[in-house]
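> any chance you can model this:
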Amino acid sequence: QVQLVESGGGLVQAGGSLRLSCAASGRTFSSYAMGWFRQAPGKEREFVAAINWSGYSTYYADSVKGRFTISRDNAKNTVYLQMNSLKPEDTAVYYCAAKSSRDGSYYYTKFYNYWGQGTQVTVSS
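From the prediction side, this is the model:
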């Protein structure tokens, strides 16, 4: 069992930056791939970024590539999402998720086993 708690959301102006954190419980954090997803009002939850268990491989949605950076610190049981050059269309609730199996795509919610409660990010124009 893994519990995930996101933090770092808030209100920021367009062009600004935020760093989200996701703290995980449990001693097996380093065995999980981790992902960030987001959900805007009236829309489906969508993939943002993912990182494999070692941090060696990262994956991004085209909409955030070059602006967002995912990273992890296995010693601190924490995954981060650095968000730069934020746009109003980045406004959403951001969720982190843990993926226990090395099978299955990083890009789809159904392959993730554990989810946090979400943190709101609002980007004003």
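> helix/strand/coil for Leu53?
Wrong residue type there; residue 53 is Trp, not Leu. Following DSSP: H, G, I helix; E, B strand; the rest coil, the label given to Trp53 is coil.
> need the contact list for it.
Counting by C-beta atoms under 8 Å, 6 or more residues apart in numbering, Trp53 makes contact with 30-33. The C-beta positions use only the backbone N, C-alpha and C, and glycine is treated the same way.
> Asp90 too?
Counting by C-beta under 8 Å, 6+ apart, Asp90 touches 38, 64, 83, 121, 123.
> and Asn113, by the same measure?
Asn113 is in contact with 2, 97-101, counting by C-beta under 8 Å, 6+ apart.
> repeat that for Trp115.
4, 95-98.
> what's the closest of those residues to Arg45?
For these, the closest approach to Arg45 (C-beta to C-beta) belongs to Tyr95, at 7.0 Å.
> in its sheet, which strands sit next to whatever helix or strand that closest one lives in, and in what direction?
Assessed by DSSP states H and E, Tyr95 sits inside strand 92-99. In the sheet, strand 92-99 lines up against strand 33-39 (antiparallel), strand 114-115 (antiparallel), strand 119-124 (antiparallel) (DSSP bridges).
> looking at those strands, which is nearest to Gly16?
It's strand 119-124; of the strands paired with strand 92-99, that one is closest to Gly16 (C-beta to C-beta) at 7.4 Å.
> how close does Gly42 sit to Val121?
Gly42 sits 16 Å away from Val121, taking C-beta to C-beta, to the nearest Å as the criterion.
> neighbour count for those two, which is higher?
A side-by-side neighbour count of Gly42 and Val121, using other C-beta atoms under 10 Å, places Val121 first with 22 against 5.
> the residue nearest to Gly116 when sequence neighbours are not counted: how many residues sit nearby?
Excluding the flanking residues, the one nearest Gly116 by C-beta to C-beta, 6 or more residues apart in numbering is Leu4, at 3.7 Å. Leu4: 23 surrounding residues under other C-beta under 10 Å.
> quick one: contacts for Leu4?
Leu4 is in contact with 22-25, 96-98, 114-116, counting by C-beta under 8 Å, 6+ apart.
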